[in-house]
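Enquirer: Starting from these lines, generate the structure:
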Amino acid sequence: MKHTRPYRILMIISSWLLSTSIAFAEPLNDADALKDLKVGKVVWDIGMDNPTKLVLYLKVIQQTYDGLVRQKVTPDMIFAFRGGAVKLITTQHDHEHVALEQHNEKVEIATLLTELQKKAGVKMEVCGVAMALFDIQNDDILPGIKPVGNTFISLIGYHAQGYAAIPIH
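Expert: I've put the predicted structure just below:
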């Protein structure tokens, strides 16, 4: 994976810059967008099958959750895993779905999802259609992630309930 190393270096530098700027400056706010908002309803439409990038996005989602709380908005977050992302949220360690060199990222994804599940207002579901396509059984999915029939249907329903859909592809 020749392209992985430059991407990792970029991630490390970006993370350092982000943490450094947050540590030394007063946090920016989103007051205009959050005016009069009591609950931040979002469904994360996660179809990304790149474990390295998904780790980065999950860290940003954690920051988003914390940013809403800091700004006195109650997070109501639903994670809808579909497509290739389903391969990244299994308990399987046989490298059937993820290359050996990406095993550490898969473990980190599981850790981040476990941390997110501990936060109030976070629910997770996985697409049964994608599970069938990749021959993944309900018991193979990480704990706390609920298998549903079709996350496209979930996305339709959550959108109708006022959730903002944010694609992570």
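Enquirer: measure stretch 25-45 end to end?
Expert: Start-to-end span of stretch 25-45 (C-alpha to C-alpha, to the nearest Å) is 32 Å.
Enquirer: All further residue positions should be reported with the first residue as 56.
Expert: Okay, using 56 as the starting number, the last item reads as stretch 80-100.
Enquirer: need the helix or strand of the chain with the lowest average pLDDT.
Expert: Least confident helix or strand of the chain, by mean pLDDT, DSSP states H and E, is helix 59-79 with a mean of 57.
Enquirer: per-residue confidence averaged over the following helix or strand past that one?
Expert: Past helix 59-79, heading to the C-terminal end, the next element that is a helix or strand (DSSP states H and E) is helix 86-89. Average pLDDT, helix 86-89: 96.
Enquirer: which element is residue 169 on?
Expert: In this structure, residue 169 sits in helix 158-172 according to DSSP H and E.
Enquirer: what helices or strands is the helix or strand just after that helix leaning on?
Expert: Downstream of helix 158-172, the next assigned helix or strand under DSSP H and E is strand 177-182. Using 3 or more C-beta pairs under 8 Å, 6 or more residues apart in numbering; DSSP states H and E as the contact test, the elements touching strand 177-182 are strand 129-136, helix 158-172, strand 200-203, helix 206-215. All C-beta atoms are positioned from the backbone trio N, CA, C, and that covers glycine.
Enquirer: So for the first one, what gets flagged as buried?
Expert: Residues of strand 129-136 classed as buried under the neighbour-count rule (16 or more other C-beta atoms under 10 Å) are 130-136.
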